[in-house]
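A.B. asks: Model the following, please.
(chains A and B, ligands or ions: 2)
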Amino acid sequence: MRRGEVVLETRNLSMAFGGVRAVDRVDFTLWDGELRCLIGPNGAGKSTFFKCLTGQLRPTEGDVVIRDVHVAGREPHEIAALGVGIKTQVPNVFDGLSAEENIWIAARRWHGAERARTLTRETIERLQLGEVRTRIVGTLAHGQRQWVELGMVVAADPWLVLLDEPAAGMTHEETGRTAELIREINRSAAMIVVEHDMQFIRMISRTVTLFHEGRILMEDSMDAISADPVAREIYLGHRA
Amino acid sequence: MRLARDFRGTLIVAALAVLFTLIAPVTLEFFTIITLTQVIGLAILGLSLALIWGFGGILCFGQTAFFGLGAYAYAIAATNIGGSTGAILIAVLVAAAFAAILGYFVFYGRVSDVYLAVITLTVSLILYSLIRRTSGPEYKIGDALLGGFNGTGAPPLNIPGDASAMLFPEHIFYVAMAALILVYILCGRVVTTHFGRVCVAIRENETRAELLAYDTRLYKLGIFTLGAAIAGLGGVFFAVGISRVTPDVFGLGQSALTIIWVIVGGRGTLIGPILATFALYYLTAALGTQQLLNTNLILGIILVIFVLAVPRGVIPTLTGWAATRRQRRALRARERRLRLRRPRGGEVAGEAE
Ligand SMILES: Nc1ncnc2c1ncn2[C@@H]1O[C@H](COP(=O)(O)OP(=O)(O)OP(=O)(O)O)[C@@H](O)[C@H]1O
Ligand SMILES: [Mg+2]
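C.D. replies: Ligands and ions are numbered 1, 2, ... in the order given. Predicted coordinates for the structure are as follows:
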């Protein structure tokens, strides 16, 4: 069932804030072409784990290897330059610029002016952002801003994509479209997606990693995890 | 995208400035033309901060450090070389090199925005007190006496290659205006390039820019250094305009004024701070001729009014109004079209409203 090679691996990865170990000696492996979901209760350390992968945090211990490159302690732009697309939990967009410019900045990083313009147009079409193309992103609704951010990720055409709660605050319909988009991205990229929404996870994922207090508690299919009494207790139970 | 239109706007403004340059010597008094050169120097300083703060998002409280270095470097180099052309180049390079070194430590050391403001201000105050202490014959660079708080003489401009062919004040005015216009066009061009757009993106959200694989430190260093080079050029014309350089070019008052020009003119525009420089300069001069009101008090009140009532600055507020009115007019025109197409009954109902 596992295909291809390992594209991302962490060994003994830890991130401590003062005395608190938000990520605690995590060994994690992501395979080529995989779409992995990360779940866990609030404060489990999912976002902190992500930030260690993206360079936004410098891990206190351990190593992160992305396609044979040791990246722990590298700058975020160096990691992104490997071809890693990142969406953070708190939306990070260029609020004062138009939706089009946001996406153009992402595309232009990798392509010449002509190609970037075409790519921007295609991305806007693909994400159905045509109506808000020239609108200033800061004035858009939450769901649309999330999409502009997804658009920036897509426009850079990454081979590894990390999304932290991409469907948070979206309507039911928007969530469905986001799931569709994620499956589409997954055709050309390995992915890790942090999510809380069970339905959403069932839509997109085969393997799910359950985080709890900074550690990986389980790694299995969503059905197996929802059937497990311990997992139900710490996660599913408390969300009813 | 909008960018092409933005640059066309820049060229239109530049054309108006050329027109002003040609008319000014005919309509203005000779004395006004002489003082204009120094104001143009200040306007170039305002433009440099408009670029790095308004577009790069770098709040540099000590833009005068580069302005002053440019002014002193010009005076010293021109005195030693005995000609102005090379001295101008040296002045710009000195300001840029100093900024590149300072900026390297600040940006690559990931100093936060507030500390950057403090550090740049401190640097210009250090330069101020250092240069003030250089009175006496022992403080010489080549043939140029630094002169402590009295300052040092700044030679006038000459025709390139012929040091004895000094330019008349009127011609110096032309050269200064040409420099201002060219630098303005350069800045207007830069902000539409990939480099410029990335700088604006970094101003909006540095984290996002990094996650898109841009080395934000390099871009900030780039625009900071460019801004410093421009400020250095401003220093040259300021020095030429008053034929002297004194430590006041590094002073706190000058630093504060530069910030005020950009706040009043508006961040995110290049022409705003330039116009604000001219307007506030002549307002200050006019206030200086009367005894009733304290000049600094008035400037302070103006600043407070702008921060509270026109926080975006004059030019962005005006263009904002114009855009809203255009939109409303377009909306009304569309409504009219719709109403015309509607049958009679609809029109009556529309009138009853
Ligand atoms: N910068 C920080 N300084 C101190 N503590 C932090 C910091 N960032 C996160 N933490 C702590 O680390 C723990 C893990 O937080 P994290 O944001 O990674 O959780 P999460 O699994 O993403 O939760 P959520 O589902 O709410 O997004 C929490 O206890 C949090 O308070
Ligand atoms: Mg989180």
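A.B. asks: center of chain A - which residue?
C.D. replies: residue A:163 (1.3 Å; C-alpha atoms, centre = their mean).
A.B. asks: Make sure that one is actually in contact with residue A:193.
C.D. replies: Yes. Contact criterion C-beta atoms under 8 Å: residue A:163 and residue A:193 qualify, at 4.7 Å. Just so you know, the C-beta spots here come from the backbone N, C-alpha and C atoms, and that holds for glycine as well.
A.B. asks: where do the contact lists of these two overlap?
C.D. replies: residue A:182 (C-beta atoms under 8 Å, 6 or more residues apart in numbering or on different chains).
A.B. asks: The residue lying closest to residue B:85 once chain neighbours are set aside: neighbouring residues, count only.
C.D. replies: Spatially, and ignoring its direct neighbours in sequence, residue B:85 is nearest to residue B:160 (4.3 Å; C-beta to C-beta, 6 or more residues apart in numbering or on different chains). The number of residues packed near residue B:160 is 12, by other C-beta atoms under 10 Å in any protein chain shown.
A.B. asks: Helix, strand or coil: sort out residue B:160 for me.
C.D. replies: coil (DSSP: H, G, I helix; E, B strand; the rest coil).
A.B. asks: Residue B:213 now?
C.D. replies: coil.
A.B. asks: Now it, what are its backbone angles?
C.D. replies: Backbone geometry at residue B:213, expressed as degrees, to the nearest 10, gives phi 80, psi 20.
A.B. asks: now swap in residue B:193 and tell me
C.D. replies: Dihedral angles of residue B:193 (phi, psi; degrees, to the nearest 10) stand at phi -80, psi 170.
A.B. asks: Distance check, it against ligand 2.
C.D. replies: According to C-beta to the ion, to the nearest Å, residue B:193 and ligand 2 sit 37 Å apart.
A.B. asks: which residues does that residue contact?
C.D. replies: So residue B:193 contacts nothing (C-beta under 8 Å, 6+ apart).
A.B. asks: number of nearby residues for residue 101?
C.D. replies: You didn't pick a chain, so chain A it is. Residue A:101: 24 neighbours (other C-beta under 10 Å).
A.B. asks: meant chain B, my bad for not saying
C.D. replies: By the criterion of other C-beta under 10 Å, residue B:101 has 11 neighbours.
A.B. asks: any idea which helix or strand carries it?
C.D. replies: helix B:85-108 (DSSP states H and E).
A.B. asks: Could you identify the helix or strand that succeeds that helix?
C.D. replies: helix B:113-132.
A.B. asks: now the closest residue to residue B:149 other than its chain neighbours: how far from residue B:256?
C.D. replies: Excluding its sequence neighbours, the residue lying closest to residue B:149 (C-beta to C-beta, 6+ apart) is residue B:132, at 4.9 Å. Residue B:132 is 18 Å from residue B:256, where distance means C-beta to C-beta, to the nearest Å.
A.B. asks: now do residue A:145
C.D. replies: In terms of C-beta to C-beta, residue A:145 sits 37 Å off from residue B:256.
A.B. asks: what about the two, which has more around it?
C.D. replies: residue A:145 (21 against 16).
A.B. asks: For chain A, which residues are neighbours of ligand 2?
C.D. replies: A:47, A:89 (C-beta under 5 Å from the ion).
A.B. asks: How is chain A partitioned into domains?
C.D. replies: A:1-83+A:159-240, A:90-157 (automatic domain parsing).
A.B. asks: which one of these has the lowest average pLDDT?
C.D. replies: Mean pLDDT is lowest for domain A:1-83+A:159-240 out of the domains of chain A, coming in at a mean of 88.
A.B. asks: gap between that domain and the chain center?
C.D. replies: With C-alpha atoms, centre = their mean, to the nearest Å as the basis, domain A:1-83+A:159-240 stands 7 Å off its chain's centre.
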